[in-house]
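Participant: Provided below are the primary sequence and the corresponding predicted coordinates.
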Amino acid sequence: MDWTDLGLRARSRRRQLGLTQAQTAERAGLSPSYIAHLEHGTRFASLETFVSLCNALSLSPEILLRGSLAAPCRTMPEQGAALAERFTRIADGAMRQFLPRQAD
């Protein structure tokens, strides 16, 4: 998991929306300093925090994760691998709701 890359995409989206870190933090229910750490890749997000950040940025998890899952985890490899697996399952499940259902 490449947390730095994920943080750069989050910062890019925040700026695209014209939001400050404080505004993003308020929308996500986080502190502005935590948003800064996430954007710089110095902290990783729990599943709940990740979803809150995606919602605050009006961004699908798949977009925010794009490219980050293939990269090796430089810090906390066990947790990174577990989170990558959970994020992938969530993104797959979220995408299924938009696919047409097949008739039986």
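Facilitator: Received, thanks.

Participant: hmm, who's touching stretch 33-41?
Facilitator: Outside of stretch 33-41, the residues within contact range by Cβ atoms under 8 Å, 6 or more residues apart in numbering are 2-8, 10-11, 14, 21, 24-25, 28, 43, 45, 49, 53. Glycine gets a C-beta too; all of them are placed from N, C-alpha and C.

Participant: of these, buried ones?
Facilitator: Burial by neighbour count, 16 or more other Cβ atoms under 10 Å: within the contacts of stretch 33-41 this picks out 2-3, 5-7, 10-11, 14, 21, 24-25, 28, 43, 45, 49, 53.

Participant: which pair in the residues you listed spans the largest distance?
Facilitator: Taking Cβ to Cβ, the two most distant members of the buried ones among the contacts of stretch 33-41 are 2 and 25; they sit 22.5 Å apart.

Participant: picking that back up, sitting in helices, which of the contacts of stretch 33-41 do you find?
Facilitator: Using DSSP state H, 3-8, 10-11, 14, 21, 24-25, 28, 49, 53 are the members of the contacts of stretch 33-41 that sit in helices.

Participant: let me know the closest of the residues you listed to residue 86.
Facilitator: For residue 86, the closest of the ones in helices among the contacts of stretch 33-41 turns out to be residue 49, at 12.5 Å, with distances computed as Cβ to Cβ.

Participant: confidence score at that closest one?
Facilitator: Per-residue confidence (pLDDT) for residue 49: 90.

Participant: so it sits right up against residue 43, yeah?
Facilitator: No. Counting by Cβ atoms under 8 Å, residue 49 sits too far from residue 43 to count as a contact (9.2 Å).

Participant: can I assume residue 28 is in contact with residue 51?
Facilitator: No. Taking Cβ under 8 Å as the contact criterion, residue 28 and residue 51 are not neighbours in contact, 9.3 Å apart.

Participant: setting the sequence-adjacent residues aside, check what's closest to residue 14.
Facilitator: residue 24 (5.1 Å; Cβ to Cβ, 6 or more residues apart in numbering).
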